[in-house]
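J.: I would like the atomic coordinates for the input below:
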Amino acid sequence: MKKDRGLEGTRRALWVAAALVAATPLVAQTWPIEPLVIRVSDARVEPGGEAAIVLRTYASLPVRRGKIRITTGAGGLGAGAGPIEAWTGGVLFDVDGTRVATVTPTPDGLGVDLSFLDNFDFVFNRSDGVIAVLTATVAPDVVPGTDYDLLGDISESELRDPQEDLVLLELRPGRLRIRAAGSPFELGVGNVEVQPGSGAHIEISTGERFAIGSGTLVLDYDPDVLLPGDAPTVRSDPRHGDVDLAVDLTQPGRITIDLDSVDGSFNAEVPGDLLVIDLPTRPGLPLGTTSPLTFAAGTALLDPLGDPIPLLIENGSLEFLTLPKIFRDNFEIGDTGWWQTGTAP
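T.: Here you go, the predicted model:
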């Protein structure tokens, strides 16, 4: 019988290929592991007051137990001294509520361990955002206008996931600023980096606790940066307290947000990024363009008794870049994860 030379050639080629594959050692494909980045948020407090130091993430990764060490710099108090008179508490945040953590001052008095090593039945950071709040009383003789470093000590910190595997961790520092007694509370948006054509993530933030009962925030932006046919959205995070939002977008380039916290819990215990505005931007905007974000007349907050809250307003801007720093720093855009957030169109 005549052999099919084409079929025989194909078989030989397959045999040779199989032999080469068998003789070649398998090399495992590896990818870089991104660390879980925890940011120590900036905090504000007056002399002798109690500061709330917020720890937050930008990506969800469940954590069950561990320890985080935060240290403070000496600032203007001299070598060996720190601004903290007493560490008064620590709370972890989970989808099912909160859990009190152990706080242990470091031997030199300049830091604290937020410890939850025996936490076997509680998982947090199933969503990005606030994961813990440390409270501390600052010394009455600290000098207004002084800044102190809030540093994370990686060598004395560890986190484990629900499978008891170590979590690769990176701690980003913050600052503790002493404000003069009776001076206004800071509220602002800062500078926001965004790539043209993507969504700007604008956070309206505070640096310290003060109970908000109601109020109105009026934020102006250049309507020419908005993606045609789209509109900004505003959302809150229940970790900062209960609040109802009513958003008015009828005037181009203006976002008016009416706030109502019936129980007065909004910003009462957990300061930070209280509201997030997602603003879709127009593609093709020139790189390097800076567009202002400005609080307009009509911006005012009231405490739960209806009295005006004195505010120091910080305006900001949109900065259009090819790759915002949030990505260059290994941050990820926040995800909704397991948390439910209040959203208003």
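J.: Show the end-to-end separation of stretch 194-202, please.
T.: The straight-line separation of the ends of stretch 194-202 (CA to CA, to the nearest Å) is 10 Å.
J.: er, stretch 135-147 actually
T.: In stretch 135-147, first residue to last residue: 17 Å (CA to CA).
J.: Skip the chain neighbours and tell me the closest residue to T233.
T.: Leaving out its chain neighbours, the residue that sits closest to T233 by CB to CB, 6 or more residues apart in numbering is D278, at 5.0 Å. Where you see a C-beta, it was placed from the backbone N, CA and C, and this is true even at glycine.
J.: May I see the buried residues of the helix or strand where the one you found lies?
T.: Taking DSSP states H and E as the definition, one finds D278 inside strand 273-280. Neighbour counts using 16 or more other CB atoms under 10 Å place 273-277, 279-280 of strand 273-280 among the buried residues.
J.: Can I get the residues you listed in CSV including pLDDT and distance to S155?
T.: As requested, the buried residues of strand 273-280 are arranged in CSV below (pLDDT from 0 to 100; distance: CB to CB, whole Å):
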residue, pLDDT, distance to S155
D273, 93, 29
L274, 95, 33
L275, 97, 36
V276, 95, 33
I277, 97, 38
L279, 97, 40
P280, 97, 42
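J.: now for these, which pair is the farthest apart?
T.: Farthest apart among the buried residues of strand 273-280 by CB to CB are L274 and P280. That separation is 21.4 Å.
J.: what about the strands in the stretch 51-200 of the chain?
T.: Along the stretch 51-200 of the chain, counting by DSSP state E, counting those that start in this stretch, strands occupy 65-72, 84-94, 97-100, 102-105, 111-116, 129-138, 147-152, 158-160, 169-172, 174-178, 185-188, 191-194, 199-206.
J.: just checking, what packs against the second one?
T.: Using 3 or more CB pairs under 8 Å, 6 or more residues apart in numbering; DSSP states H and E as the contact criterion, the neighbours of strand 84-94 among helices and strands are strand 97-100, strand 102-105, strand 111-116, strand 129-138.
J.: And the pLDDT at R44?
T.: What the model reports for R44 is a pLDDT of 96.
J.: Can you verify it is assigned to a strand?
T.: Yes. Per DSSP: H, G, I helix; E, B strand; the rest coil, R44 lies within a strand segment.
J.: list the contacts for it?
T.: Shown in contact with R44 (CB atoms under 8 Å, 6 or more residues apart in numbering): 51, 176-177, 179, 185-186, 207-208.
J.: let's see it at 7 Å
T.: Contact analysis of R44 by CB atoms under 7 Å, 6 or more residues apart in numbering lists 177, 179, 186, 207-208.
J.: So it versus V138, what's the distance?
T.: 11 Å (CB to CB, to the nearest Å).
J.: what is D278 paired to in the beta sheet?
T.: Here D278 shows beta-bridge partners H201, T233, assigned using DSSP bridges.
J.: Touching, it and G199? I think so.
T.: Yes. D278 is in contact with G199 according to CB atoms under 7 Å; the separation is 5.1 Å.
J.: domains of the protein?
T.: Using automatic domain parsing, the domain parsing of the chain gives 36-178, 185-344.
J.: of the strands of the stretch 51-200 of the chain, which approaches L302 most closely?
T.: strand 185-188 (12.6 Å).
J.: Now do the buried residues in the closest one.
T.: Using 16+ other CB under 10 Å as the test for burial, strand 185-188 gives 185-188.
J.: Show me what that strand is in contact with.
T.: 44, 205-208, 210, 309-316.
J.: Format those as TSV; extra columns: secondary structure.
T.: TSV is the format used below for the contacts of strand 185-188 (three-state DSSP):
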residue	secondary structure
R44	strand
S205	strand
T206	strand
G207	coil
E208	coil
F210	coil
I309	coil
P310	coil
L311	strand
L312	strand
I313	strand
E314	strand
N315	coil
G316	strand
